[in-house]
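> Here is a sequence with its predicted model. Questions after.
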Amino acid sequence: MRGTVRVEHLSKTYITRQRKGLFHSKERTVEALKEISFKVGAGEIFGLLGPNGAGKTTLIKILTTLLLPTAGDAWVNGYHIQNEGNRVRSSVGCMLMGERGLYWKLTGRENLEYFGALYHLDRATRRQRAQEIIGLLDLHELSDRTVETFSSGQKMKLAFGKALINDAPLLILDEPTSTLDVPSASELRSIVRDLNAHGKSVIYTTHIMSEAETLCDRVAIVDRGQLLALGTVDDLKASLKRDQVTHIEGIIPEVAVVAVQALPNVLRVTRKAQNGGNQLTVVTRDGRESLSQIIAVLTEAGASLQKIAPEEANLEDVFIAKTGRTLAEDTRTR
């Protein structure tokens, strides 16, 4: 059971109040999670992929006992999240709030040892673990400086190290590379792979498609509180045939997008800014058979086309096919 997670029909609903004028407010129900079920096997890197506001953080806060679910059940390392909360917490390494979870007036080493004490590690063990993590993350020059003197990226590395202090069988990492530069993000992913190779299970949330593709054994695509797709990266990409996804680049006005979306065999169309122009992603039922019609409609609607490429589907194409939006769109309820 070590390193495993089982989630059954998990839901979370918030009741919020929306102010209307100075003295009046209106209740509003927000469904952050809607009947989500999945399993994570021992030794697996399991990705939660979705845009900001998809429900990823709510889900892992429930798995780490920081939130109570409205309905459903979950077991982490064989322990029930509500009936055995202490055992859940002691068996998981978490990076949930990034740098906000650190004490800025303490040094890097003091932070690591402090959180080791919270896990009831004896003094010798927590000192040893702190030194091992400092070496693993190459924090030697920073370890005895106060955290308030760290850069944002250095704080994120230390927050990642904090998640390792109790040597738990399961790591839960919430957007761990969000403020890291490219080399540091690559280094962190390499460490995650190495930890996984030595037996640790990982739940890794991200809105960066390339991270999920290169790192995760399986991926769950989550949007607006719902689980839209679940499988290996290859299986999810195979669910869209190569010729079903076409990327078109150029100067493409909104009226052209609407015209393409109205074609009978077009399932989804999204447009995003790229290199001073636009990239259109078109998902169709019959692939290249509709391509000439798409080009004709775009041209007639005033689009200036520079590149047309039926391409192999990636995870963002899968997300677009499921939702009609890109991963870059923020879906948080305001």
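Noted; the coordinates are in hand.

> The helix or strand hosting Leu173 pairs with which strands, parallel or anti?
Here Leu173 sits within strand 170-174, counting by DSSP states H and E. Using DSSP bridges, strand 170-174 pairs in its sheet with strand 92-95 (parallel), strand 201-206 (parallel).

> among those strands, which is nearest Ile191?
Taking CB to CB, strand 201-206 is the member of these nearest to Ile191, at 10.8 Å. Where you see a C-beta, it was placed from the backbone N, CA and C, and this is true even at glycine.

> So what touches that closest one?
Strand 201-206 is contacted from outside by 3-5, 40-49, 56-57, 60, 63, 169-177, 192, 195-196, 211-212, 215-216, using CB atoms under 8 Å, 6 or more residues apart in numbering.

> Helix or strand next in line after that strand, which one?
Using DSSP H and E, the helix or strand that directly follows strand 201-206 along the chain is helix 209-215.

> At which residues are the strands of the stretch 151-300 of the chain located?
Using DSSP state E, counting those that start in this stretch, the strands of the stretch 151-300 of the chain run over 170-174, 201-206, 218-223, 226-232, 245-251, 266-274, 277-284.

> May I see the buried residues of the fifth one?
Residues of strand 245-251 classed as buried by neighbour count (16 or more other CB atoms under 10 Å): 245-246, 248-250.

> still on that earlier bit, C-alpha coordinates for the strand holding Leu173, PDB please?
Only the C-alpha atoms of strand 170-174 are listed here, as PDB (Å, rounded to 0.1, in the frame of the first residue of the first chain):
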ATOM      1  CA  LEU A 170       4.800   9.400  -1.700                       C
ATOM      2  CA  LEU A 171       5.600  12.900  -2.900                       C
ATOM      3  CA  ILE A 172       2.800  15.300  -3.800                       C
ATOM      4  CA  LEU A 173       4.200  18.300  -5.700                       C
ATOM      5  CA  ASP A 174       1.900  21.200  -6.700                       C
END
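
> ok, residues contacting that strand?
Contact with strand 170-174 is made by 2-5, 56-57, 60, 63-64, 76-77, 91-98, 160, 163-164, 192, 195, 200-205, as judged by CB under 8 Å, 6+ apart.

> Inside helices: which ones of those?
Using DSSP state H, the members of the contacts of strand 170-174 that fall in helices are 56-57, 60, 63, 160, 163-164, 192, 195.

> Would you check that Val192 makes contact with Leu215?
Yes. Between Val192 and Leu215 a contact is recorded at 6.7 Å, counting by CB atoms under 8 Å.

> As a quick check, tell me the outermost residue of the protein.
When distances are taken from the C-alpha mean of the chain, Glu300 lies farthest, 39.3 Å away, according to CA atoms, centre = their mean.

> Distance of it relative to Thr246?
The gap separating Glu300 from Thr246 is 18 Å, by CB to CB, to the nearest Å.

> could the strands of the stretch 151-300 of the chain go into JSON lines alongside distance to Ile36?
Listed next are the strands of the stretch 151-300 of the chain as JSON lines, based on distance: least, CB to CB, whole Å:
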{"stretch": "strand 170-174", "distance to Ile36": "15"}
{"stretch": "strand 201-206", "distance to Ile36": "13"}
{"stretch": "strand 218-223", "distance to Ile36": "7"}
{"stretch": "strand 226-232", "distance to Ile36": "5"}
{"stretch": "strand 245-251", "distance to Ile36": "27"}
{"stretch": "strand 266-274", "distance to Ile36": "23"}
{"stretch": "strand 277-284", "distance to Ile36": "25"}
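
> between the ones you listed, which gets nearest to Ile15?
Closest approach to Ile15 among these (CB to CB): strand 226-232, 19.6 Å.

> Now that closest one: buried residues?
In strand 226-232, counting by 16+ other CB under 10 Å, buried: 226-230.

> and if you look at stretch 15-33?
Under the neighbour-count criterion of 16+ other CB under 10 Å, stretch 15-33 has 31-33 buried.

> need those residues in CSV with pLDDT, can you?
Below are the buried residues of stretch 15-33 laid out as CSV (pLDDT from 0 to 100):
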residue, pLDDT
Glu31, 92
Ala32, 93
Leu33, 96
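
> Among those residues, which one sits closest to Asn83?
Set against Asn83, the nearest of the buried residues of stretch 15-33 by CB to CB is Leu33 (19.7 Å).

> Turn the buried ones among the contacts of strand 201-206 into a named PyMOL selection, would you?
Buried residues within the contacts of strand 201-206, by 16+ other CB under 10 Å, are selected in PyMOL with:
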select buried, resi 3+4+5+40+43+44+45+46+47+48+49+56+57+60+63+169+170+171+172+173+174+175+176+177+192+195+196+211+212+215+216
